[in-house]
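Novice: Okay, sequence plus prediction incoming.
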Amino acid sequence: MAWHKKVMKQKYNDPDKLREYLDATYGPGNWRVEVKSTNRWMIALTRPWKEHEMEYIESQVRVHYDPNDYENTQLQ
């Protein structure tokens with residue numbers, strides 16, 4: 001299986017909350033996270049990325065971390 005990878009632009013320090021979001025969105029086994037450096041992660045999906053999908057994930061994870069911290073939560 002080919003993995004399609006993108007590096008997250010934001011830094012996160014709570015992998016459990018990111019895992020919860022990715023499981024709920026993509027399902028267990030359809031994603032993985034690789035550590036690039038301290039608090040900088042790469043997300044790999046089992047399918048190609050859609051345009052602006054990483055930005056959407058990052059906006060949703062920010063909401064997941066803190067519901068008061070979001071700008072645009074709509075995938076375009």
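Specialist: That came in fine, so what should we check first?
Novice: Could you pull up the mean pLDDT of stretch 25-38?
Specialist: The pLDDT scores in stretch 25-38 average 89.
Novice: now what about that stretch, what contacts it?
Specialist: 3, 5, 7, 15, 18-19, 22, 41-47, 57, 60 (CB atoms under 8 Å, 6 or more residues apart in numbering). C-beta coordinates here come from the backbone N, C-alpha and C atoms, glycine included.
Novice: Show me which of those residues are buried.
Specialist: 18, 22, 41, 43, 45, 57, 60 (16 or more other CB atoms under 10 Å).
Novice: so of these, which ones are in strands?
Specialist: Within the buried ones among the contacts of stretch 25-38, residues falling in strands by DSSP state E are 41, 43, 45.
Novice: out of those, who's nearest Glu51?
Specialist: The nearest member of these to Glu51, counting by CB to CB, is Leu45 at 13.7 Å.
Novice: Show me what that closest one bridges to in the sheet.
Specialist: Beta bridges link Leu45 to His4, Trp31 when assigned by DSSP bridges.
Novice: residues contacting Lys9?
Specialist: Going by CB under 8 Å, 6+ apart, the list of residues near Lys9 reads 54, 58.
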